[in-house]
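In: Sharing a sequence plus its predicted fold:
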Amino acid sequence: MNLLVSYNWLREFLPGLKARPEEVAERLSLHAFSVERMRPMVVGLDPAIVVGKIVEIEPHPNADKLRIARTTTNNKDERPRTIVCGGTNIKEGMLVAVALPGAKVRWHGEGEPMELTPTEIRGVKSEGMICAANEIGLYEMFPHKEREILDLTATGARVGVPVARALGLDDVVLEVEITTNRPDAMGIVGLAREVGAIFNVKCKIENVKLKIGHNPSRPPLNLRGGDWLDVKVEVPKLCPRYMAVVMEGVKVGPSPWWIQRRLMASGVRPINNIVDITNYVLLEYGQPCHAFDAERLHNTERHGNKTDGTRKKIVVRMGKKGEKVLALDGNTYELDENILVIADAQRPVAIAGIMGGEETGVRAGTTRIVYEIANFDALTIRRGEHQIGLTSASSVRFNKGLPVPLPEFAAARLMELTAEIAGGKVVGMVDRHNPSSPPLTLRGGKTVKVAPVEVAKKIGVEIPAPQMKKYLTALGFSVSGGAKKWGVKFPYWREVEADGVADIAEEVARMYGYHRIPGVLPQGDLPFEIQSVQFTHEHEVKEALRGAGFTELYTYSFVARDSVARAGFDPDRDALALANPLTSEMAHMRPWLGISLLKAVAENEKTRDELKLFELSSEYHPRAGELPDERQKLIVLSAGREEREGAHFYAAKGVAEHLAEVLALPNFGYEKVGSIKAPWVKHYHPSRVLLVKSGRDILGVVGELHPQLLRAYGIEQRVAFLEWEMRVVYPLIGQGRAYEPPPAYPPVKRDIAFVVSKEKEYAVIHGAIAKLDPLIAGVELFDQYAGKGVPEGHRSLAFHIQYASAERTLTAQEAEKVHIKLSRMLKERFDAKVRD
Amino acid sequence: MDLKEIENIVKKKIEAARDAAGLEAVRIEFLGRKGTMTGLFSELAEMKGEERKKAGQELNTLKQYIMTALQQHVKELEGVALGKLAEQEKLDVTLPGTRPPLGHLHITTQAIEEITRIFAQLGFYRMRYPEVDWDYYAFEALNMPKGHPARDEWETYFVGRGTTRNVSLEHIAEQRGNYIEHPKFGKMVLTPHTSNGQVREMERRKPPIRMINLAKCYRRQSDVSHVPMFHQFEGLLIDRNVAVTHLKGTLEYFARVFFGPERRIRLRPFHFRFTEPSFEVDVSCGVCHGTGYVHNPSQPPLTLRGGEKCRLCKSGWLELAGAGMVHPNVLKAGGLDPKVWSGFAFGFGVERSYMMKQGLRIDDIRVLYNNDLNFLEQF
């Protein structure tokens, strides 16, 4: 989580810190937590804007809406400045922000900052300007009405001091990313410890600890909760500690400026002094606190014989189905038995560790309050947050696990600040501690045994043992034992992570500085591992397709439920469903890569004339009781406007042949789908599809998609796929490469053209020609034509024929003999009309 | 006719010839079957002795002369003709070329190829593990026991039984009882990181291990800088006496080959459950060379003043990856004794690394996977 940290607040605990904010940010990033950003607390508050005091107000002789404010702007002011001012709220004796000539201000809060010069306004000379908050960049902190100037009277600032300094705004805010393992650093005190260790500066944390930890039954000040408060923890495991402090006679009002300022620097909106104090303590100690208005907590119904009018009841319990609570954020949350709640005698008054209830909140007029300073089970809070969909500054700390001793520090600080700021006195206190939870001792608990040599070995740098010890001690660890073996005891605030040697190595290494550790290439034997050729093959396939003009896609592996159904799959049986999809568009893992690609075609069809795309990715086929079968599929597609009928089909088929050649697939060929009843057959056009084979292996299929399927995906034009199962293809790659000696004798080349019925398929004709005579060495179709001049239902085909013998050079006569035989065969078998 | 006279006539005629045809006419006139020279040669038959010898020599000399002169002039004429070539065979060379078809590989493919090649040089072999895996490999074996808050950070998808309700967390699915669960390995998840390969690799082979795994990962997130499906690459090295220095050396090597020899690596402390110590890895910015400033390198980084701060990086460094020394609990889960074996692991976002390398500033990285051809055809 990201924490906004006021540099000045941090420094309050580190009086010896000389480092500038920039330096703190850099070293903190290198040794502990990443500082994501840093910025001055306010931007553009010119030093020539100073605190002034209005001593006298006169009307402006020439304007009704303007007045003349005589204002002193330095202590020794012999003569107050004359300032013409239109502010509606100015009063004599008021402290105001005065921009002196030369200062830059934003007129009426708009436009670029302008330099102020002494001017005459309606005939009266003005020697400065009394500013509104929006004119000096403070509107966010001091929102105001139109034409109201900034009233600084409450600050009691000295006249003449720059406003930035008077308001304590000469501060820098660091945004620090605190890692989840360090809830101890989610407060100023914890960060100060860290910064102190890094800069070797003593951290001054006042010992405000209450002396109640070890004996909850005898609180100090001879106070007992018993007279005022009845606290019952029904689930001690989930609430290892519950402290409550009752204070009476508090006066609710706005907080003093210094508290407001720090809250604002930390990104927290000031509300009233009591609420602000709880937030202040949270920010300082990292311990969430809450304040109830005691009057609004329901009493214990009966206490002995008499009705007890003052004794309030607090129960820490699980919620009940049907219970609701209106939280401080204005929303009502439904509770159930998974949500930990704080209740009074009748109803839940807070969602434990997450947010307090609106009805029992502190407001103007509240005089008796109950502070809650507790420790809750991290997992319960975390689940609660997710279930009700609410997180808060409290819950993000609780859900990491906070140290059990922390509440007493926070309680002491709460009491101190309340007495100082809101008055009132402590009249009751309760501390419930679950004896089976970690002990309340502050001396630290878990000890890890380590050898300093081991630590250095893990880092790879020889850091001297005394140096290591220094690092650890600075962080609050205590190190005992001799030079060979140490016992390292974790401080109580780091108990959560105490584990083993690796933890210690981490602390030492980061204090030494990871950035100082040199880089060394790994030593040791290389593993004897034969790299899977599949990765190389994948790339060969992709490169071949790229070279052939196809563009690679990476589509999402998830698809919508209805798009699974549209492809004829049963979404529940054939596809893996997500229990928590991000959107309904991403509800299932695709059982067919084609679904993703059809979506891509639908999306791009209108913007392009032609789509030549491919993807080589996995499909996910569910298997009972096992992980799904992740099957790699290649789909190459041709789509868009077709220049001639079947163009996409032939394009896809051409790719198959191209790949077969490039990848040297053995005995490449096709087969008609025939009577195969596989589900995928339905995806394809019944007469425009072929199985693609290499020897006996079926690599996949090439075909035009069924028009019905295309319609289902909103695709208007035809689409053809080449679809290969890659686990069949990979082992065959390269198998078809064999050496053939070049022909020894030159061939005789002849052409033959004939008109034949369209019913006669090319492959049959081609096969018949090729097998006709051993002297036929090559058969290649070079032209086909149908239309004018060719009878209806017929087409003209033209072949190059090569006649050759392996033993001798053929004579023209020998070739001619076979050529005549060919002519005859075509006439007889195919009823072809051979052209001259 | 006097031979000298013939020579002069030939000379003039050759010079007068304007083209190859003209020269051929000259050749035929003098050297042809019925040509002048042929006639003179036939006259030799009537001569005798010395006279015939002399006349023969003279005739041969003249013939030689004519042949040479013709040849030379042919060359000259050719030169003239070639001089006119530009005029006669003019092409509009500014017309566009005839291109072979142009295809494109996705930038993720390009990145994967390059990364694999670099790590191969350090002896890392590439592996592939399930993308849909058991909770055990994705979390539990990685020192993230059930219910641990660290799991939340991964925004994990769970495989269920066909609900489309928008539920974010495992325990809710659990309450509804609609997730798929293995009696031993727990729930079925879409791997939110490539680290599920770590324990699988330790189970598959004995150390030394130098594995690299580049794969799809899934997280429940989608905004301008997050995609619900993306790619990571993970490196895992396990051997005896592996130290932080080795991790740093490996990453440094990668960064220098991948990004450029002048680039540097910086480790910063971070926290991951499956490594200890854990780091975030920064690479020095290629634009400002690690200073944070483009024009004014004398100023220190992280200054409060605005000015010419580098717009690509924060303070001279770019976040690149997460890394760390394999946590002893992870080694144990893989059946290895942490007292004997140690190792490091790192994980990078493939897309992010490649965009950083190319200096690509893509405002919304979802464009990578939304099939927009205008984007894909740029690579």
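Out: Everything's here; your move. The model shown is predicted, which means the values in this text are computed figures rather than measured ones.

In: Could you list the domains of the chain?
Out: No chain in the question, so chain A it is. Using automatic domain parsing, the domains assigned to chain A come out as A:2-41+A:171-199, A:49-166, A:220-433, A:447-516, A:534-732, A:748-834.

In: Switch to chain B, please.
Out: B:3-82, B:107-129+B:197-376.

In: surely A:Phe668 meets A:Ser694?
Out: Yes - in this structure, A:Phe668 is within contact of A:Ser694 by Cβ atoms under 8 Å, at 5.4 Å. For glycine as for every other residue, the C-beta is placed from the backbone atoms N, C-alpha and C.

In: Give me whichever of the domains of chain B is most buried.
Out: Highest mean neighbour count among the domains of chain B (mean count of other Cβ atoms under 10 Å in any protein chain shown): domain B:107-129+B:197-376, with a mean of 20.

In: quick one: terminal-to-terminal distance for it?
Out: End-to-end span of domain B:107-129+B:197-376 (Cα to Cα, to the nearest Å): 8 Å.

In: now it, how far from the centre of its chain.
Out: Taking Cα atoms, centre = their mean, to the nearest Å, one finds the center of domain B:107-129+B:197-376 at 19 Å from the center of the full chain.

In: Let me know the secondary structure of A:Glu540.
Out: Classification of A:Glu540 using DSSP: H, G, I helix; E, B strand; the rest coil returns helix.

In: Could you report the distance from it to A:Asn667?
Out: 19 Å (Cβ to Cβ, to the nearest Å).

In: ok so, going back, need the residues touching each of A:Phe668 and A:Ser694.
Out: Any residue near both A:Phe668 and A:Ser694 by Cβ atoms under 8 Å, 6 or more residues apart in numbering or on different chains counts here, and that gives A:Ala660, A:Gly736.

In: that older thread, compare neighbour counts for A:Glu540 and A:Asn667 and give me the winner.
Out: When neighbours are counted by other Cβ atoms under 10 Å in any protein chain shown, A:Glu540 comes out ahead of the other of A:Glu540 and A:Asn667, with 16 against 13.

In: Quick check: closest non-adjacent residue to that one.
Out: Once flanking residues are discounted, A:Glu540 sits nearest to A:Leu663: 6.6 Å by Cβ to Cβ, 6 or more residues apart in numbering or on different chains.

In: how about that neighbour, what does it touch?
Out: Counting by Cβ under 8 Å, 6+ apart, A:Leu663 touches A:His537, A:Glu540, A:Val541, A:Ala544, A:Val729, A:Leu732, A:Ile733, A:Gly734.

In: now A:Glu56, nearest residue through space, not along the chain?
Out: The shortest distance from A:Glu56 to any non-neighbouring residue, by Cβ to Cβ, 6+ apart, is to A:Arg70 (4.2 Å).

In: Could you list the buried residues of the helix or strand hosting that neighbour?
Out: In this assignment (DSSP states H and E), A:Arg70 forms part of strand A:67-72. Neighbour-count burial for strand A:67-72 flags A:Arg67, A:Ile68, A:Ala69, A:Arg70, A:Thr71, A:Thr72 (criterion: 16 or more other Cβ atoms under 10 Å in any protein chain shown).

In: burial count for residue 189?
Out: In the absence of a named chain, chain A is used. 24.

In: let's do chain B instead
Out: By the measure other Cβ under 10 Å, the count of residues near B:Val189 is 27.

In: What of A:Tyr762?
Out: Using other Cβ under 10 Å, A:Tyr762 has 12 other residues around it.

In: Now the closest residue to it other than its chain neighbours: which helix or strand?
Out: Spatial nearest neighbour of A:Tyr762, chain neighbours left out: A:Leu781 (6.9 Å); criterion: Cβ to Cβ, 6+ apart. According to DSSP H and E, A:Leu781 maps onto strand A:776-785.

In: what about B:Gln110, distance to chain A?
Out: 10 Å (Cβ to the nearest Cβ, to the nearest Å).

In: which element is that residue on?
Out: Residue-wise, B:Gln110 maps onto helix B:107-120 under DSSP H and E.

In: Parallel or antiparallel, list what pairs with whichever helix or strand comes after that helix.
Out: Under the assignment DSSP H and E, the closest C-terminal helix or strand after helix B:107-120 is strand B:125-127. Partners of strand B:125-127 in the sheet, by DSSP bridges, are strand B:209-218 (parallel).

In: Now stretch A:102-109 - C-alpha only, CSV.
Out: Output of stretch A:102-109 as CSV, limited to C-alpha atoms (Å, rounded to 0.1, in the frame of the first residue of the first chain):
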residue,chain,number,x,y,z
GLY,A,102,6.6,41.3,-6.6
ALA,A,103,4.7,38.2,-5.4
LYS,A,104,3.1,36.0,-7.9
VAL,A,105,-0.6,35.3,-7.5
ARG,A,106,-3.4,33.9,-9.6
TRP,A,107,-6.1,36.5,-10.0
HIS,A,108,-9.4,35.2,-8.7
GLY,A,109,-7.8,31.7,-8.8
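
In: now that stretch, how far from the chain's geometric center?
Out: 40 Å.

In: What segments of chain B are helices?
Out: B:3-16, B:20-31, B:36-43, B:49-83, B:85-88, B:107-120, B:135-138, B:170-176, B:196-204, B:244-259, B:328-333, B:350-358, B:373-376 (DSSP state H).

In: which one of those has the lowest average pLDDT?
Out: Mean pLDDT values for the helices of chain B show the minimum at helix B:170-176, a mean of 47.

In: who's in contact with the helix holding B:Gln110?
Out: Applying Cβ under 8 Å, 6+ apart, the contact partners of helix B:107-120 are A:531, A:535, A:539, A:542, A:552, A:554, B:126, B:212, B:214, B:231, B:233, B:235, B:253-254, B:257-258, B:348, B:350-351, B:353-355, B:357-358, B:368, B:379.

In: try 6 Å this time
Out: For helix B:107-120, the external contacting residues (Cβ atoms under 6 Å, 6 or more residues apart in numbering or on different chains) are A:Tyr554, B:Arg126, B:Ile212, B:Leu214, B:His231, B:Phe233, B:Phe254, B:Val257, B:Phe258, B:Val350, B:Tyr354, B:Phe379.

In: Show me which of those residues is closest to B:Val330.
Out: Proximity of the contacts of helix B:107-120 to B:Val330 (Cβ to Cβ) peaks at B:Ile212, which lies at 17.3 Å.

In: dump the residue contacts of the closest one.
Out: By Cβ under 6 Å, 6+ apart, the contact set of B:Ile212 is B:Phe119, B:Phe124, B:Arg126, B:Gly235.

In: what's across from it in the sheet?
Out: Under the criterion used (DSSP bridges), B:Ile212 bridges to B:Arg126, B:Gly235.

In: From B:Leu368, how far off is it?
Out: Using Cβ to Cβ, B:Ile212 is found at 21 Å from B:Leu368.

In: next one: B:Arg263
Out: Between B:Arg263 and B:Leu368 the computed distance is 24 Å (Cβ to Cβ).

In: count of neighbours near whatever residue of the stretch 151-300 of chain A ends up closest to chain B?
Out: Closest residue of the stretch 151-300 of chain A to chain B, Cβ to the nearest Cβ: A:Thr179 (3.6 Å). A:Thr179 is flanked by 18 other residues according to other Cβ under 10 Å.

In: ditto for A:Ala345
Out: Other residues close to A:Ala345 by other Cβ under 10 Å number 15.

In: does it belong to a helix or a strand, and which?
Out: For A:Ala345, there is no enclosing helix or strand under DSSP H and E.

In: picking up where we left off before, show me the one of the domains of chain B that comes nearest A:Ser478.
Out: A:Ser478 lies closest to domain B:107-129+B:197-376 among those, at 20.8 Å (Cβ to Cβ).

In: picking that back up, among the contacts of B:Ile212, which two are most distant?
Out: B:Arg126 and B:Gly235 (10.3 Å).
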